[in-house]
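*Asks:* quick check, what structure comes out for this input:
(chains A, B, C, D, E and F)
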6 protein chains.
Amino acid sequence: MFYHVKELQFNARVSAPDPKFAALLLEQFGGGNGELKAAMQYFVQAFAARKPYPEKYDLLMDIATEEFSHLEIVGATITMLLDGINGELKDAAEANPITSLNGNGAKESLIHEALTSPQFLVLSGGGPALTNSQGVPWSGAYVNANGDLTVDLRSDIAAESRAKIVYEYLLKFTDDPYVHETLRFLMTREIAHFQQFSAALDTIQPNFPPGVLQGDPRFTHAYFNMSNGADARGPWNEGQGPWGPGEEWEYIKEPYQHVVDTLGEIEHEPVGAKQTESEVKKLDKQLSKQRSSEVKSATKGKGSQWSSYPQEELPSPMGIEQK
Amino acid sequence: MFYHVKELQFNARVSAPDPKFAALLLEQFGGGNGELKAAMQYFVQAFAARKPYPEKYDLLMDIATEEFSHLEIVGATITMLLDGINGELKDAAEANPITSLNGNGAKESLIHEALTSPQFLVLSGGGPALTNSQGVPWSGAYVNANGDLTVDLRSDIAAESRAKIVYEYLLKFTDDPYVHETLRFLMTREIAHFQQFSAALDTIQPNFPPGVLQGDPRFTHAYFNMSNGADARGPWNEGQGPWGPGEEWEYIKEPYQHVVDTLGEIEHEPVGAKQTESEVKKLDKQLSKQRSSEVKSATKGKGSQWSSYPQEELPSPMGIEQK
Amino acid sequence: MFYHVKELQFNARVSAPDPKFAALLLEQFGGGNGELKAAMQYFVQAFAARKPYPEKYDLLMDIATEEFSHLEIVGATITMLLDGINGELKDAAEANPITSLNGNGAKESLIHEALTSPQFLVLSGGGPALTNSQGVPWSGAYVNANGDLTVDLRSDIAAESRAKIVYEYLLKFTDDPYVHETLRFLMTREIAHFQQFSAALDTIQPNFPPGVLQGDPRFTHAYFNMSNGADARGPWNEGQGPWGPGEEWEYIKEPYQHVVDTLGEIEHEPVGAKQTESEVKKLDKQLSKQRSSEVKSATKGKGSQWSSYPQEELPSPMGIEQK
Amino acid sequence: MFYHVKELQFNARVSAPDPKFAALLLEQFGGGNGELKAAMQYFVQAFAARKPYPEKYDLLMDIATEEFSHLEIVGATITMLLDGINGELKDAAEANPITSLNGNGAKESLIHEALTSPQFLVLSGGGPALTNSQGVPWSGAYVNANGDLTVDLRSDIAAESRAKIVYEYLLKFTDDPYVHETLRFLMTREIAHFQQFSAALDTIQPNFPPGVLQGDPRFTHAYFNMSNGADARGPWNEGQGPWGPGEEWEYIKEPYQHVVDTLGEIEHEPVGAKQTESEVKKLDKQLSKQRSSEVKSATKGKGSQWSSYPQEELPSPMGIEQK
Amino acid sequence: MFYHVKELQFNARVSAPDPKFAALLLEQFGGGNGELKAAMQYFVQAFAARKPYPEKYDLLMDIATEEFSHLEIVGATITMLLDGINGELKDAAEANPITSLNGNGAKESLIHEALTSPQFLVLSGGGPALTNSQGVPWSGAYVNANGDLTVDLRSDIAAESRAKIVYEYLLKFTDDPYVHETLRFLMTREIAHFQQFSAALDTIQPNFPPGVLQGDPRFTHAYFNMSNGADARGPWNEGQGPWGPGEEWEYIKEPYQHVVDTLGEIEHEPVGAKQTESEVKKLDKQLSKQRSSEVKSATKGKGSQWSSYPQEELPSPMGIEQK
Amino acid sequence: MFYHVKELQFNARVSAPDPKFAALLLEQFGGGNGELKAAMQYFVQAFAARKPYPEKYDLLMDIATEEFSHLEIVGATITMLLDGINGELKDAAEANPITSLNGNGAKESLIHEALTSPQFLVLSGGGPALTNSQGVPWSGAYVNANGDLTVDLRSDIAAESRAKIVYEYLLKFTDDPYVHETLRFLMTREIAHFQQFSAALDTIQPNFPPGVLQGDPRFTHAYFNMSNGADARGPWNEGQGPWGPGEEWEYIKEPYQHVVDTLGEIEHEPVGAKQTESEVKKLDKQLSKQRSSEVKSATKGKGSQWSSYPQEELPSPMGIEQK
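*Replies:* So this is what the prediction gives:
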């Protein structure tokens, strides 16, 4: 259950209305890397984590709830930046232009303004809209939740990275010290969450490769040089790179020839990897057993119940009889 | 700021997994009339209401927060209905089929099942997805917020009506008494919210027509009979209908002839309406003045601040100096 | 079957081209509250209504057809506001800028204009586009049709309210008296439709709650105060409010405590409501029987036929033998 | 203005309900190649054509109106195929399953059915939905209208081709002789429209290349062989092909070498084409002049008016004084 | 398999950054008629063509690959037009405005710029975005592939026509001679592809009507005059038009009366067409047999294999034993 | 420029058609974590990287090109799994059912099949479609490209993680050993790419926090415990966690009280962090200078040219004079 506290988590203030910056700031309200995306991503991921990994559930819900609180901060800031528009739109009987937008500019100029943020003037009536800075509605497709924490937490680290850079860019477009302060708080929290998710991922071992199955050792270490000209070499395609001791990249310089020679990679022998196919199979079984038992171990009762009242322990849901 | 309480608002339980009903139930998780739509609609509307109508802000945020809590109930129920899928997907090294889905059915049958709810098996890994029952991602376009409470509250009454009927339909597709109980709670709350929004709309007077401007009395009372054959007559196109005393519908039986005769309605005289054009203009001015002053009256200070700490009064935001 | 009359329902005129306002006006052509949305919503709803409620079918199709006619008026107005652009784009061999857009302004300025309404210049070639004012394509998701008139008509009342306020806002952004006149006609018609739908809803009794089922009396009258701070009280959460005599709101001031105390609302007793559970069940059965028989009563023949030729009675479709 | 005739253009009938085929048939109701797409495409194109090419406007509006009439036929057929569902959903108090869907099958089987067409059961309540056969909402992005008839008519010929093949495919999935008859009518009309658009395109000369500008003769006749292995040769890359006498394809067998040799095609000399650059420029100017004057020639008066009352001549809009 | 060559197919250059034109040019990067749409359309169509029509497969893949190469040219041009933005965004510690955008203009003016192309400043950080010129993300719904070459090639001819006109329009909005040169190359290639697809369609006989089935001769030649007023007549609705000798259009001047008289077209007799129903059936069977055998004839072995290594013949896939 | 090699990178084979698995496999063709998403993401990111980081450009383009090659493998596999459908659809004159779908099952059963993958039967005609497994069209919104490699590479690592888990899930739903072999190759390549992107990220120092700016030390180390009940503690909210020596998490157990006490975090003092505000500012300036000069350092000439011919060095674009 959620509860709403009327105080914002951060004391959002603005010096003066600025409808143009409000339009840019929509990117963090209803955009693909914005606060709603973050909130919904962690919230949706949390359901599958609740039973097997209640500690991660608690983490995901704490951060999801903070992101909802940030969404509120962004919406509040946009609303204050739009101050005056709604009041003038309500002055509907008057033919005179909306002065809050551009002082006493001509209507010509006014409409020009309107075109750069039409959502505020003809649609939302001076409040935020659930779109990005270009008017594209927020989409559930932004949310990544795949039922595996070694995957989900990496999606979250990437999501925090993108949210952080968008705040960094936005900071270049406002001079308002109050707004600057708010944006910097929000940007910083993305860094904190990045670290929280990294630490959580680190507690899951092994976490590479993501998911359960190992890769086929014939193909894990191969780099296909799919382009001509001068080729860049570095730890991503030569030497040991990120691999363990005794392992290294296989650099396939001429992919076409290689593909023909190996009959479409069927006859490609492992190069660079140390694991054998049978070791891989063994690891696959081992991790399958571990992870599936982590997920399955639970509920002894008949049916499921999500919470107890009060819910004073982390684990949940439990069998219905246990309530 | 939001706060998360681990207990669900309603004690959601399920008797046994049922992935098929889980798929249908997604309609209320990520569908166009579902809980997220409701939560986000009232949340987004609330921003513009906060300063001029703090009482309505409180109402909108209370119901928005309850809808977020319902979204959690729906997600928890879906997760319990999918119990077992994630565990078996994690058994990745095993070639044997996912028995939780269909007992010991053949793989053929298994894949068939998968096709009716592929999102749970190949994408979300056994958790909810932010889509409707057919896999269409939730969209910000579902949210209606137009910066005018006489409009927004009507959008909300309609939204509650649609959410209610979807729960009513869903109830036909589950026999699980626990799920039935949960859905009935959620359906009932839509009725409660319907009444809350109706009561709130009623406190705003006048609230018809929605917005500020009156209609042109030449066209408010006209019914254009745009089709041939037997015509239905009723209070929507004959007699007084919903109009005040002394007013009545004008029934235009032959729209083509009428349009030609009036040079495209330019020469259409008012029929049925009592208001004159000058009364309309007067009302327009009066209501414009009232509504725009309601919205504009506020903030004396320099700049705006959304909350005080603690926020112990309804009105907000206030001028920055007042903190 | 539809038929097209070359005369517009309203004599749309413009004083001079104005591509900027044309871009704003797209909101009513391809936007979520625009004319196409209205037309398609009533048209789609009409199918399910045809057999059980032929009078409402007639109403829905009359208004749908009028909305298509309004879509045409909006498209015609946009086209006239864009007058000149297509001709100059056709002057493709010339390097000189498109003067109709900005007199003799420099190309720099021209491109700037283009950026505020690029659809007209690089995509539609100076005609309307099926998008809203920000270029987002029209979506079938805007259409609400749920197979129940007590729901659908409420969706329609809300849709008309939104369309009305959008016209009200648009009127602030044009000085052209002809365009003003057209927009006012269109805005007024939304008011007329609002009243027509209200009157139609009123003829269906009972129409509250929407759909067939009553709410659970334990939860219909409860208001959950989901937020802290100063609480607003009013007819939406105290006293009788919109309820019948002897009924009143139950105000749950501390939802968390209440939820724990009632084991997740399971042990919540009805407060404020007068209906008992058994009365509710009786009403449910009664209305179920009435409504389902209204819908089922019909077609005696084998198979169905939509129209007779000529179709001189309201009821339809009929059994095939009846043709 | 549109007018609705209660008789369908084609006498749509069904032998018996068939919700599964109804779901497939949605492809022609709200799908990307369906009737609404066709109707809206021609309707939107018509606006830009009205003044310069009133004959083509008449053609586009006639076919658009017929496609709206076909949309109605498809919607009516879907509704009759769903007969019974709405009635049983209204039987909301009953726990018994929806027998119209699957005779007396168990609820298990019922829900399975529901999953293959959930829109009818939990969303639309047994009426059509504005989506394709997989539940994806109709999109304005399906509509192609680019303000040039040599382009638009080709978009229309392609659209009719796609609509035709979809009907051809659908015919494989129903045995109902009445539905078969209706689909064959609709499929045939797409062929008729294909021919109507072809004939109209043929009256515009020159119509190749589409638009106004000629191609650069260095690049019009070149075929880049962008793939290895055995190469197919045919009139699309060797000999005269579709070109005029004395012209032929230039086959660039080794694009990489060619690109390096010509410094990125900068030094590519024309091969195969007869036109010189100066002839091209001359043609460009000539056609620019012709087409832009066709479009610009018009309206002498001040302002524009879309229709006269009655509108008895094809040309329109005219100057406002001419009314 | 694809291979990347670092040299662009055309030597794309720009004289100076121009973020505004970059925003317009996005229409050809991520827009509905842009290079990605073309590339993906031909690529997707190619799969179904590979076995039955290997020559057409080769053509489709050659052009698809060229379109990917054009997408790269467009992206490179956009990137060079945005030169400087990314560098200044990286200067994140500085409060000073982004001078590359507007010289030394005030921040006020800077933000205004930002609003016309916010994607480059707050989202993509100065690189291209996969959206159209208005920020709408590219959609798979743009791609038409229907498994029938007489349909698909017509979709392709139309797609090339639209891409051509969009380049034609774009050429009006840049003065940069280098950019002009690049756009003219790209525009010209659309003409070349148009001719290649036309030639390919011509090698398939018969190719009218698209697909396999003939139309019903009662309805192929009918023109329904669905609108009032002065009617345009021309080869699309009178005389022989595009039909064969001895055939002609049937002009239905009064559709309503015709529909009633023929009981909804059921009793409509063929007018204008020469084919009889039995000839149609014979043709249907003949072409069905031919086309289905073309598609089915193949693979003798067990299972399928897409390529041989090396793949030196056109036909593919083959039975697995044949490798 | 791209070049197409007719041999697939991997020798894709199938034992027998399986339309159901083909439908699931669409998730990797046109789904949000599929091959097209990967290909387009790296391709779009590459443009901004080309000038400042040519080595990373080479890496991004190599992997993008390999992902296009994987998209082709997935499309080829889907096509072989659908073998037979197109041939039977072409048998359009026959009333007999499509036997390849379900042996000799009744048409009833056939249509049921059709409903689980309607796209293949009524839309794509037996070829792949650019949608996910539920028919939702691919969207440009899936692509994350933010113009900063410390962000983009993290988006790529997350994208590879999601693609890997989806292949892992898909492997549970096919018994075909050939398809299994192909999917395992594709899954393994995602692991290889994961390592390549990790190694590349590691060569950029510092890469934390992502982007240029440091966080505000008052807020980087704070964990807000936004939920009630038993709280999970771990390295993500207690002790040093992922921070450097001498640093640690600040655990805010009662966020509401904390927010009120600090006046909305304004008076929150740094806890746990070692960096001072002035060190942060210094680091911000330093990294700003470094990164912006990396990006800006380049092109000396007038204008830009993307490639030289031949392009034999990594750096590009260069000034036009250098060609």
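*Asks:* can the helix or strand hosting A:Leu183 be found next to chain E?
*Replies:* Assigned by DSSP states H and E, A:Leu183 belongs to helix A:177-202. No: for helix A:177-202, no contact with chain E is found by C-beta under 8 Å from any C-beta of the partner chain; the gap never falls below 9.0 Å. From N, CA and C alone the C-beta is placed, and that goes for glycine too.
*Asks:* right, is that helix up against chain F?
*Replies:* Yes: judged by C-beta under 8 Å from any C-beta, helix A:177-202 and chain F are in contact via A:184-185, A:187-189, A:191-192, A:194-200, A:202.
*Asks:* and the residue of chain A closest to chain C?
*Replies:* Going by C-beta to the nearest C-beta, chain C is nearest to A:Gly135 of chain A, at 2.9 Å.
*Asks:* need the pLDDT of that residue.
*Replies:* pLDDT recorded at A:Gly135 is 95.
*Asks:* again with A:Lys296
*Replies:* Reported pLDDT for A:Lys296: 86.
*Asks:* so what's it up against?
*Replies:* Applying C-beta atoms under 8 Å, 6 or more residues apart in numbering or on different chains to A:Lys296 gives the contacts B:84, B:87.
*Asks:* chain neighbours aside, what residue packs nearest to the residue of the stretch 1-150 of chain A found nearest chain E?
*Replies:* Per C-beta to the nearest C-beta, A:Gln134 is where the stretch 1-150 of chain A lies closest to chain E, at 2.9 Å. Counting by C-beta to C-beta, 6 or more residues apart in numbering or on different chains, A:Gln134 lies nearest to E:Gly135, which is 2.9 Å off, once chain neighbours are set aside.
*Asks:* in terms of helix, strand or coil, where does the one you found fall?
*Replies:* Using DSSP: H, G, I helix; E, B strand; the rest coil, the structure places E:Gly135 in coil.
*Asks:* burial count for it?
*Replies:* 24 (other C-beta atoms under 10 Å in any protein chain shown).
*Asks:* how about the one 3 residues further on?
*Replies:* Neighbour count for E:Trp138, taken as other C-beta under 10 Å: 29.
*Asks:* just checking, it touches F:Leu130?
*Replies:* No: here E:Trp138 lies out of contact with F:Leu130, judged by C-beta atoms under 8 Å, at a distance of 10.3 Å.
*Asks:* C-alpha coordinates for whichever strand or helix holds A:Asn86, CSV please?
*Replies:* Counting by DSSP H and E, the element that carries A:Asn86 is helix A:85-89. Extracted as CSV, the C-alpha positions of helix A:85-89 are listed here (Å, rounded to 0.1, in the frame of the first residue of the first chain):
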residue,chain,number,x,y,z
ILE,A,85,-0.9,30.0,-18.0
ASN,A,86,-3.9,28.2,-16.6
GLY,A,87,-5.2,31.4,-15.0
GLU,A,88,-5.0,33.2,-18.4
LEU,A,89,-6.6,30.4,-20.3
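*Asks:* is any part of it close to chain E?
*Replies:* No: Helix A:85-89 is not in contact with chain E by C-beta under 8 Å from any C-beta; minimum separation 15.4 Å.
*Asks:* again with stretch A:245-264
*Replies:* Yes: legend: contact between stretch A:245-264 and chain E by C-beta under 8 Å from any C-beta is shown at A:255-256, A:259-260, A:263-264.
*Asks:* for that stretch, give me every contacting residue.
*Replies:* So stretch A:245-264 is contacted by A:221-226, A:231, A:233, A:236-241, A:243, A:265, A:267-268, A:271-274, D:228, E:1, E:3, E:307, E:309-310, E:323, F:5, F:7-12 (C-beta under 8 Å, 6+ apart).
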